[in-house]
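Enquirer: could you work out the structure for the sequence below:
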Amino acid sequence: MQKQIYANSIYFHEIIDDGGFYVDKTLFVKELLENISDTSGITTLISRPKGFGKTMNMSMLRSFFDINRNSMDLFKGLAISEYKDICEEHMNKHPLIYLTFQNMEFDEYPKAITRIKIQVSGVFRQNLRVYESDVLSEEQKDKFYSYYQRNSTDEELQVSLQFLAECLYAYHKKPAIILLDAYDCPLESAETFGYYQDYAKYLDGFFASIFKGNEYLKFGVLAGVHDTFAKELVNSFDNLRVFGTSENSFATYFGFTEDEVKAACETYQKDETFDENNNWYDVHNIGGQNIFNPSNIAMYLDGQIYEIVE
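Expert: Presented below is the predicted three-dimensional model:
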C-alpha cells in the first residue's frame, strides 16, 4: 500500500502520526544501546552527509527514550517493538534533554551566543514541571528560572545543561540522556565568518560541562555532518566514540540501502529502473556499502524535482 510521502518532514513522530512513508530504522536504538553497554557517560558522535536522516533518527531516539512521552503507539509494528526487553526497560523511561543547533548560521559571534541562549531557554521550558515541583531548593529554582527567562550570563550559559541534568536527576532519580543534533552547524558558520577560534573555545566549555565529568549524564549522542570539529574539541568529552562514514557500526541506519530503494520503487510503481537511480542520486559509500540520500529518494518517489544535496 502506498503511503503519503512527506519529503520535507524531518521528525519521526510527525511522519508516524500522519501515517506517512517511513523506512524502518528503529533498530538503531538496539545497536546504540549495545554499543554503549552498561558504561555510563559515553558520548556517541555520528557524522553523515547532509540529508541523510540525522534529525529523523535523533527525533526517533527522543520519542523512544523520553520519560515525558508515551510512545507505545508510535513504535507499534516497527522493528524495535519486537524486542520486548528493550522496550520494557527503556521506552519512555529516561529523563532526556534534546538540543538542536540546526540552522544556527550567524555572521557575528554575539548572535551565535544569543541563539544558544534561546535554544537552552526552550529546553528549560519543556521541563517546567521540575521547576514547579518541590524537589528544587529556592536557589536552584532561581537559577532554573533565570535560564528559562534568558537572563543568564554567557559564562552561566556554558553550564546550563549540566545544571538541568542535575535538576532532572533530583526530580526523576535517574541520570539524563542528552541528544545534540547538528552540533557542528554553528562551527561551520563561525569558520566562514571569521570568529571560529572564539566560538570553538566557548563551545569547548559548553560541551565539557555536559559530556565531561557529568555525574548526571547517562549517555550522550551527537549528530553532525563533520567529525573533524569534535576531534578538535576532544578534551570536551569523556569516552567519546566517533562513527564516521568509514565505520560499519550504524552504517544502514542513516540513509537508504539498495534493497530499501528497490522496495520503495516497487511500491510506488516508478518506471525508472534501479540502475538509473543509482547513477543520478546522491549515493555514498558508508561502511563499505552504497547508501542513498533518503531526502532525494523521497522527492523522487513523490515526483518532485530532484536536486543533489551538496
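Enquirer: quick one: Ser74 is in a helix?
Expert: Just to correct that, residue 74 is Leu rather than Ser. Yes: residue state for Leu74 (DSSP: H, G, I helix; E, B strand; the rest coil) corresponds to a helix.
Enquirer: that one and Ala200, how far apart?
Expert: Distance, Leu74 to Ala200, by Cβ to Cβ, to the nearest Å: 37 Å. Where you see a C-beta, it was placed from the backbone N, CA and C, and this is true even at glycine.
Enquirer: now do the strands in this protein.
Expert: For the chain, the strands defined by DSSP state E cover 42-47, 96-100, 176-181, 217-224, 240-243, 256-257, 283-286, 289-292.
Enquirer: between the second one and strand 217-224, how many degrees?
Expert: Relative orientation of strand 96-100 versus strand 217-224 (axes from the mean of the first three to the mean of the last three Cα atoms, to 10 degrees): 20 degrees.
Enquirer: need the contact partners of the lengthiest helix in the chain.
Expert: The residue-count maximum for a helix in the chain (DSSP state H) belongs to helix 109-126. Outside helix 109-126, the residues that touch it by Cβ atoms under 8 Å, 6 or more residues apart in numbering are 68, 97-101, 104, 106, 131, 144, 147-150, 152, 154, 157, 160-161, 164, 186, 189-190, 195, 198-199, 202, 206.
Enquirer: was I right about Arg69 contacting Met91?
Expert: No: judged on Cβ atoms under 8 Å, Arg69 makes no contact with Met91 at a distance of 9.2 Å.
Enquirer: those two: who's more crowded?
Expert: A direct count of neighbours by other Cβ atoms under 10 Å for Arg69 and Met91 places Met91 higher, at 22 against 15.
Enquirer: of the contacts of helix 109-126, buried ones?
Expert: Among the contacts of helix 109-126, those buried by neighbour count (16 or more other Cβ atoms under 10 Å) are 97-101, 104, 106, 131, 144, 147-148, 152, 157, 160-161, 164, 186, 189-190, 195, 199, 202, 206.
Enquirer: what about Asp73, how many neighbours?
Expert: Other residues near Asp73 number 9, with proximity taken as other Cβ under 10 Å.
Enquirer: mind listing what it touches?
Expert: Going by Cβ under 8 Å, 6+ apart, Asp73 touches no other residue.
Enquirer: cool, the one 5 residues further on as well?
Expert: Residues in contact with Leu78, defined by Cβ under 8 Å, 6+ apart, are 24, 26.
Enquirer: distance of it from Ile291?
Expert: Computed as Cβ to Cβ, the Leu78 to Ile291 distance reads 20 Å.
Enquirer: just give the closest residue to the most centrally placed residue in the chain, not the sequence neighbours.
Expert: Residue closest to the average C-alpha location in the chain (Cα atoms, centre = their mean): Met58, at 3.1 Å. Counting by Cβ to Cβ, 6 or more residues apart in numbering, Met58 lies nearest to Asp181, which is 4.5 Å off, once chain neighbours are set aside.
Enquirer: on the pLDDT front, check that neighbour for me.
Expert: Note for Asp181: predicted pLDDT of 97.
Enquirer: ok, now Phe229?
Expert: On pLDDT, Phe229 comes in at 78.
Enquirer: out of the helices and strands in the protein, which is least certain?
Expert: In the chain, no helix or strand scores lower on mean pLDDT, DSSP states H and E than helix 274-280, which sits at a mean of 62.
Enquirer: tell me the buried residues in stretch 115-132?
Expert: 115-117, 120-121, 123-124, 127, 130-131.
Enquirer: want to throw those residues into CSV with distance to Gly255 and pLDDT?
Expert: Shown next, in CSV, are the buried residues of stretch 115-132 (distance: Cβ to Cβ, whole Å; pLDDT from 0 to 100):
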residue, distance to Gly255, pLDDT
Arg115, 28, 96
Ile116, 29, 97
Lys117, 33, 97
Val120, 30, 98
Ser121, 33, 98
Val123, 28, 98
Phe124, 34, 98
Asn127, 33, 97
Val130, 37, 98
Tyr131, 40, 98
